[in-house]
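In: generate coordinates for the sequence data below:
(chains A and B)
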There are 2 protein chains.
Amino acid sequence: MSFDPSTLPDVSALTVGILGGTGDQGRGLAYRLARAGQQIRIGSRVSERGAGAAAELAAMPYTVAGAVTGGDNAYASGSDVVIAAVPWEGHAVTLRDLAGLLAGKIVVDCVNPIGFDGKGPHPLTVPEGSAAQQAAALLPDSRVCAAFHHVSAYLLTDPAVDTIELDVLVLGDDREAAAVVQALAQRISGMRGIWAGRLRNAGQVEALTANLIAMNKRYKVHTGIRVTDL
Amino acid sequence: MSFDPSTLPDVSALTVGILGGTGDQGRGLAYRLARAGQQIRIGSRVSERGAGAAAELAAMPYTVAGAVTGGDNAYASGSDVVIAAVPWEGHAVTLRDLAGLLAGKIVVDCVNPIGFDGKGPHPLTVPEGSAAQQAAALLPDSRVCAAFHHVSAYLLTDPAVDTIELDVLVLGDDREAAAVVQALAQRISGMRGIWAGRLRNAGQVEALTANLIAMNKRYKVHTGIRVTDL
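Out: Below you'll find the model as predicted:
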């Protein structure tokens, strides 16, 4: 069948938790989803920092009133869908600690294991193959997908940007969970949520972020990708 | 500086050789470049097969008269720019044998090390990191770039398709050689040639082809990618 977003589920009533919601990518996704009217729970290692970030987001232009609350990562884990936007360094430890709370939940990994040296960005080797596969290994009772790797935090958090034209590649073996994540991506103005393969094909999608960063640096832009012929 | 194709070199007078030019991707690239007026040398393991493929291409609609000739891979290697479009299985052996002839040349690797099993496409592990890095290791005296990974052979070879809207990601440490490859991509109607990182970032670009194949299968399309904000 062709790509048809109208077949995706209605996710407007789902709460979305963001682990590491005080970081650039987490804050940016929270802002865009809150702007679309999604109920958001910001999580942080420290409860006060999560609450503070939520208050800041709630005060930003176009955020729907009451859409954002915050607390620690356990608080964020009490949502219907939980996005893991933690730094790669803390990825394994954070998820392992929350495994019980995340059981049964749709967990969306958007972490990019990227390193930097004198020659610029490059993908890091992940023993499990990808951050997403590491998440799946640590959260055997969760429905793990991967998505939102290529969204520019800079554009996400700029209130003056009202639409962001790019595609969100959604990886996952659980097609029903993936469809929820696709629908969530579609909530953000300008974005499409496209199923782009099984979780074992997440590694190259995460690593491609190194190429986008290289292009951003070379051409002074904030790149994303669009899938053509779709 | 921003992306500006007008700064790229004029490559219209360069001859382009295609190793493995009888395969789908090689034939397709040869057809598009010949249609753009580029002088093409098709190569094959067997000289007669290369010559036969060239005769077939020359007879296709819109091919510029006299633009395509063919022979063995050594014949193709006598071009200014040489595209390696051989099957992954024959990649290392073919390049090793041609190393002497390819010295000093710009070599463009477009090989995707992809495997298939019951669960669909997936990237293969390459000891050197990527097909392009393997090429660079085997051809220390060539100027190795990587590009043309995400072009659909189906669209390339369909004469009724007059423009193919997608971006060609060009990887390479030699910026001058990369600019030639970018300019070559720009010769094909609808395509942009974008520098997308050093050769060490080629692996994920090659592997992303597995995701495009998964999308093609799921959505019944012929996907490519566009870089946004550029």
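In: from residue B:198, how far off is the residue sitting furthest away from the middle of chain A?
Out: Going by CA atoms, centre = their mean, the residue of chain A most distant from its centre is residue A:118, 28.0 Å out. The gap separating residue A:118 from residue B:198 is 11 Å, by CB to CB, to the nearest Å. For glycine as for every other residue, the C-beta is placed from the backbone atoms N, C-alpha and C.
In: show the subsequent helix or strand relative to the helix or strand hosting residue A:96.
Out: When elements are assigned from DSSP states H and E, residue A:96 belongs to helix A:91-102. Moving toward the C-terminus from helix A:91-102, the next helix or strand (DSSP H and E) is strand A:106-109.
In: ok, now which ones touch residue A:25?
Out: Neighbouring residues of residue A:25 by CB atoms under 8 Å, 6 or more residues apart in numbering or on different chains: A:85, A:110, A:148, A:151, A:153, A:156.
In: can you tell me what sits against stretch A:219-230?
Out: Applying CB under 8 Å, 6+ apart, the contact partners of stretch A:219-230 are A:3, A:150-152, A:154-155, A:164-167, A:169, A:192, A:194, A:196, A:208, A:212, A:215-216, B:1-3, B:152, B:155, B:165-166, B:194, B:212, B:215, B:219, B:221-230.
In: which parts of stretch A:124-140 are buried?
Out: By 16 or more other CB atoms under 10 Å in any protein chain shown, the buried positions in stretch A:124-140 come out as A:126, A:128, A:129, A:130, A:131, A:132, A:133, A:134, A:135, A:136, A:138, A:139.
In: hey, where'd the helices end up in chain A?
Out: Per DSSP state H, chain A carries helices over the ranges A:24-35, A:47-58, A:73-76, A:91-102, A:131-138, A:153-156, A:175-186, A:203-219.
In: export the last one to CSV, keeping only CA atoms.
Out: Once non-C-alpha atoms are left out, helix A:203-219 reads as follows in CSV (Å, rounded to 0.1, in the frame of the first residue of the first chain):
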residue,chain,number,x,y,z
GLY,A,203,22.1,2.0,13.5
GLN,A,204,22.7,3.7,10.2
VAL,A,205,19.8,6.1,10.8
GLU,A,206,21.4,7.2,14.1
ALA,A,207,24.8,7.4,12.5
LEU,A,208,23.5,9.5,9.6
THR,A,209,23.3,12.3,12.1
ALA,A,210,27.1,12.6,11.7
ASN,A,211,26.6,13.4,8.0
LEU,A,212,23.9,15.9,8.8
ILE,A,213,26.2,17.6,11.3
ALA,A,214,29.0,17.7,8.7
MET,A,215,26.7,19.3,6.1
ASN,A,216,25.4,21.8,8.7
LYS,A,217,28.9,22.9,9.5
ARG,A,218,30.0,23.0,5.8
TYR,A,219,26.9,24.8,4.5
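In: now it: average pLDDT?
Out: Averaged over helix A:203-219, pLDDT sits at 98.
In: hmm, back to that, is there a quick PyMOL command that grabs whichever of the contacts of stretch A:219-230 are buried?
Out: Typed into PyMOL, the line below selects the buried ones among these, using 16+ other CB under 10 Å:
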select buried, (chain A and resi 3+150+151+152+155+164+166+167+169+192+194+196+208+212+215+216) or (chain B and resi 3+152+155+166+194+212+215+219+221+222+223+224+225+226+227+228+229+230)
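In: in strands, which of the contacts of stretch A:219-230 fall?
Out: When DSSP state E defines the strands, the subset of the contacts of stretch A:219-230 inside them is A:166, A:167, A:169, A:192, A:194, B:166, B:194, B:225, B:226, B:227.
In: low-confidence stretches in chain A?
Out: Counting by pLDDT under 70, chain A shows low-confidence ranges at A:1.
In: residue A:102 is in contact with residue A:142, isn't it?
Out: Yes: between residue A:102 and residue A:142 there is a contact under CB atoms under 8 Å: 4.7 Å.
In: more neighbours, those two?
Out: For residue A:102 versus residue A:142, neighbours defined as other CB atoms under 10 Å in any protein chain shown are more numerous around residue A:102 (27 against 23).
In: what residues are up against that one?
Out: Residue A:102 touches A:77, A:82, A:95, A:139, A:141, A:142, counting by CB under 8 Å, 6+ apart.
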